[in-house]
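> Please find the sequence and the predicted model below.
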Amino acid sequence: MPVSAENTPLAEMYSAHHGWLQRWLQRKTGCSWQAADLAQDTFLRILTSPSNSSQISKLHEPRSFLTTIARRVWVDFVRRDALEKAWLEALKHQPEPAAISPEEQALILETLFQIDEMLEGLGNKVSQAFLLCHLEGLRYAEIAERLGVSVSSVKKYMAKATEHCLLLMCEEPL
Amino acid sequence: MSDIQAARKDTLRAAARWYALLCSEEVTAQQKHAHAAWLAEDPAHTHAWQEVEKLRRQFQAIPGTPALDALQIKQRQGHSRRAVLRGFALLAAGSALGSLAWQRAPVDSWMASHRTARGERREYTLAGGTQLVLNTATALDVVETSTTQLIRLYAGEIFIRTRNETGKVAAAKTLQVHTEQGTVVPLGTVFTVRKLGTSTQVTVLEDEVELIPQSGGGKTQHLVAGEQAQMSSVNVEVATASDQADSWTRGLLVAVDWPLNRLVAELSRYRTGVLRCDPSIAGLRVSGAFPIDNTDRALSAYSKLIA
């Protein structure tokens, strides 16, 4: 990580707490190489997030800040990993052995992850309606039938999911 | 929250409502005009609408069916942020649990024995004389046990004609079709089974079949010729079947008063690449017989029709 060579608050934090964070993560995950990756990603996330970087010099408890970010990194990691497995599983069930290049695969997974993140927190039927409309191109009547709800509910779900996604898209990136 | 933020939120909410309206097959010309007027009213509306378009494009960038499957598989596994965090907290309790989180989910090692590519159709005769036709983009395994000839349908659509009039493969052997949602047992001869995202669609063309949803508590549903059912893993909904449900076995897609987006969705099953329908014309009604072995021809025939 380039910052370790510079005399910045993050570099100081890195040298003072990186070892501790990695050990903390190792206790949590029971795996030393995962802990090393997660610790590295935690600092990377702080480095690449302006709002996080600017907080560093004002911190009273840098370790609790680090563990907060590390938790988020961990959650993202587990969710990405689960999604990637789900994607590979889904591909296996496709009738055609798909010819997807590693680059395309990475892009698809990134998009899927963003979609999955956006829909987090929405009710199951709301997100299902939204996905069936966009990914299967189903009509509202068909979606209503599949979900066992009325067509007007489907419309409400669509508005709700869209609004939810738009608000997230227009939020300041964290 | 500042007034500006509140106003921006309101605009996004309005854009979301417009979008939900325009995606509906019931949207009227008048509503479309009203939407255009809303867009023209304020640059902020146009700006919000660009966000809607951005959102839509995200979905267009990925292959629909596997993407939907992947998201559904993941949702079923319950990896919500909260659940994962709970897992994290649990891990702190004892390191013995620690390595569990990294173990890979068990992976099925099967490769479906019978499959068709997109746009392909293939016919098989199984042991005992059962005629099996695979429609486009279909994957299944045939498993023979001493009492059952089991067809596991993973994706796509099949047409089955049993040789025996009671749907049996042999004197003591029953034919069964399994999908993720449940089991289909023929009590007669001719039917189709189609695997949809979260349900299985069964159409009976001759005689009867019995449907047993996976988690329906042993509930069964009889289906007779002319009926079509959607089976989820817990229940079955029965409707009247179109009498052209097996037209694909003859290379035709027959639409009777379908909205255009349904036709587009059905035709896109038979071709690679993404086929989408502009929401502004998605609700146009259409009837006709379209050749599925040449969807380009079907599409150009249709474009001429609406031009």
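Thanks, I have it. If you're wondering where the values come from, they're calculated on a predicted model, not measured in any experiment.
> Mind checking if the helix or strand encompassing B:S287 is in reach of chain A?
Applying DSSP states H and E as the criterion places B:S287 in strand B:285-291. No. Shown here: strand B:285-291 not in contact with chain A (C-beta under 8 Å from any C-beta of the partner chain), separated by at least 11.9 Å. In this view, the C-beta of every residue, glycine as well, is placed from N, C-alpha and C.
> What ranges does chain A have for its helices?
According to DSSP state H, chain A carries its helices in the segments A:9-29, A:32-48, A:50-55, A:62-92, A:102-119, A:124-135, A:140-147, A:151-170.
> and B:G251, which of these is closest to it?
For those, proximity to B:G251 was assessed by C-beta to C-beta; helix A:140-147 is nearest, at 24.6 Å.
> re earlier: mean neighbour count, the helices of chain A: which tops it?
Compared across the helices of chain A, helix A:124-135 shows the largest average neighbour count, a mean of 23 (mean count of other C-beta atoms under 10 Å in any protein chain shown).
> Which strands and helices lie in contact with it?
Applying 3 or more C-beta pairs under 8 Å, 6 or more residues apart in numbering or on different chains; DSSP states H and E, we find helix A:124-135 packed against helix A:102-119, helix A:140-147, helix A:151-170, helix B:43-60, helix B:64-77.
> Make TSV out of those helices and add mean pLDDT and distance to B:T148.
Converted to TSV, those look like this (pLDDT from 0 to 100; distance: least, C-beta to C-beta, whole Å):
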stretch	mean pLDDT	distance to B:T148
helix A:102-119	87	37
helix A:140-147	93	29
helix A:151-170	94	39
helix B:43-60	88	40
helix B:64-77	84	27
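> Just put those in CSV and tack on distance to A:L59.
What follows is the helices and strands packed on helix A:124-135, written out as CSV (distance: least, C-beta to C-beta, whole Å):
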stretch, distance to A:L59
helix A:102-119, 27
helix A:140-147, 47
helix A:151-170, 27
helix B:43-60, 34
helix B:64-77, 35
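> Of all those helices, which one is nearest A:P95?
helix B:64-77 (9.7 Å).
> helices and strands around that closest one, which ones?
Secondary-structure packing of helix B:64-77 (3+ C-beta pairs under 8 Å, 6+ apart): helix A:62-92, helix A:102-119, helix A:124-135.
> now with 10 Å?
Applying 3 or more C-beta pairs under 10 Å, 6 or more residues apart in numbering or on different chains; DSSP states H and E, we find helix B:64-77 packed against helix A:62-92, helix A:102-119, helix A:124-135, strand B:148-161, helix B:260-268.
> tell me the angle of the shortest one relative to strand B:285-291?
The directions of helix B:260-268 and strand B:285-291 differ by 10 degrees, with axes from the mean of the first three to the mean of the last three C-alpha atoms, to 10 degrees as the criterion.
> Nearest the geometric middle of chain B, what residue?
B:L196 (3.1 Å; C-alpha atoms, centre = their mean).
> pretty sure it contacts B:Q228?
No. Using C-beta atoms under 10 Å, B:L196 is not in contact with B:Q228, being 12.0 Å away.
> A:L147: which of the helices and strands packed on helix B:64-77 is closest?
A:L147 lies closest, by C-beta to C-beta, to one member of these: helix A:124-135, at 5.2 Å.
> which residues does B:L140 contact?
Going by C-beta atoms under 10 Å, 6 or more residues apart in numbering or on different chains, B:L140 touches A:95, B:112-116, B:124, B:132, B:134, B:150-156, B:158, B:177-179, B:193, B:195.
> distance of A:R80 from B:A29?
Between A:R80 and B:A29 the computed distance is 44 Å (C-beta to C-beta, to the nearest Å).
> Equivalent analysis for A:L109, please.
Counting by C-beta to C-beta, the gap from A:L109 to B:A29 is 40 Å.
> Then B:V184?
To B:A29, B:V184 is 43 Å away according to C-beta to C-beta.
> quick one, which of these two is more surrounded?
Using other C-beta atoms under 10 Å in any protein chain shown as the criterion, B:V184 and B:A29 rank with B:V184 on top: 26 against 8.
> Three-state assignment for the more buried one, please.
The assignment at B:V184 comes out as strand when based on DSSP: H, G, I helix; E, B strand; the rest coil.
> likewise the one 10 residues further on?
The three-state label for B:R194, taken from three-state DSSP, comes out as strand.
> residue contacts, it?
By C-beta under 10 Å, 6+ apart, B:R194 lies in contact with B:135, B:138, B:153, B:155-159, B:179, B:200-203, B:228, B:230, B:245, B:248, B:269.
> For B:N261, see how far away it is.
Distance, B:R194 to B:N261, by C-beta to C-beta: 18 Å.
> next one: A:T8
Note on A:T8: its distance to B:N261, by C-beta to C-beta, is 54 Å.
> Just want to know which of the two has more residues nearby.
Comparing A:T8 with B:N261 by other C-beta under 10 Å, the one with more neighbours is B:N261, at 24 against 15.
> Just to check, that one is in contact with B:V27?
No. Using C-beta under 10 Å, B:N261 makes no contact with B:V27, being 11.5 Å away.
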